[in-house]
Structure formats: C-alpha cells, structure tokens
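Asks: All I have is the shape, not the residue letters:
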C-alpha cells in the first residue's frame, strides 16, 4: 500500500451515491448565524512540537472556540479508541448523522477496516493541532474542528491522521470525517 487516504465523508458518500446530505428538515440549527470563517488549509501538516501532548492527554486550548476544541478532541480520542480496537460498527454508531447518512454501516465498516487493518496496531499517537471552522470543502456549513495527530502504527512508522468532529444535529460533538496519510 503506497498511500492510504480515507475520506469517510467524501469516499463513502460517493460510493453510496449521496448527493445532498444535511440535517433533517425539522432539525434545530447547529450554531449561531454568523459569517462563515475561511476553511482551514488542509493541504499542509505541522510537525508535532517536542512538548506536544502525548497519548491520551487532552491539550489545553485558550481563546476563541477553546471549549469546542476541547470537546472535539475528547470525542476524537474516544472515537479513535474504537477504531484502534477494530470496533468499526461501534465507530459508525458513534459517528455524526452526516457521516451515517452518507455511508451505510456495512460499507463504512468494510472501508474503514480495509484502510486501517494493513497498518497494524496503533503504537503511539501525538496530538498535532486543532482548527475550528464553520466551512469545510465538500461539507455543509456547520461547526467543525479539524484535528491532526501524528501516529505510529505497527506497519507504518509515520502517519498523519486527520479527524473532523462536528457539532451534530443533537448538539453534541461527533466524528464526521477521518483521513490517514
């Protein structure tokens, strides 16, 4: 496997033929009505600092959207623990409605298993960064935190995992996207 890139929103929504995925018509709005912030630059990654937060520790955030970032990082760590344990069905159950609407459970679990299994067991994961955004390419406007981890797997010495929790229709943070490079 020369490069693994998994986009559970984009890849699985394309595989399932989803065209327009959004909250149900009777769902409450997911955030304040404000001008959209620019999407984070998702083409670059930052190397983890020497003082970066290590396995299982939640970083401390300050400033705007600090609580959103903290909540999103906690959810990402819980979700990644399910994926690390190969509990792919449970990871779908814990995912945002956006992801669930875009990808049937069976297709999701097969795609995620096919992407993660060749990498082997997760050996270490270091927090890299978290960026809050209301606009992401290919996703409906909402509240998102794009989080990056530098991860060492049994069969891949250096990977960057990008996980994107969103403020879901029920007002809780849930994972809506996951990529491995």
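Replies: Sure, I can see it. Everything quoted here is computed from the prediction, not taken from an experiment. Numbers count the residues shown, from 1 in each chain.

Asks: give me phi/psi at the residue lying closest to residue 163 once chain neighbours are set aside?
Replies: In this structure, residue 163 finds its nearest non-sequential neighbour in residue 76, 4.6 Å apart by CB to CB, 6 or more residues apart in numbering. No exception for glycine: its C-beta is placed from N, CA and C like everyone else's. Per-residue torsions, residue 76: phi -60, psi -40 (degrees, to the nearest 10).

Asks: Pretty sure residue 76 sits against residue 146.
Replies: No. The pair residue 76 / residue 146 is not scored as a contact, 10.1 Å apart, by CB atoms under 8 Å.

Asks: show me the contacts for the residue nearest to residue 163.
Replies: Applying CB atoms under 8 Å, 6 or more residues apart in numbering to residue 76 gives the contacts 147, 163, 165, 175.

Asks: Residue 137 belongs to a helix, doesn't it?
Replies: No. According to DSSP: H, G, I helix; E, B strand; the rest coil, residue 137 belongs to no helix; its state is coil.

Asks: Tell me the pLDDT of it.
Replies: Here the pLDDT value assigned to residue 137 is 92.
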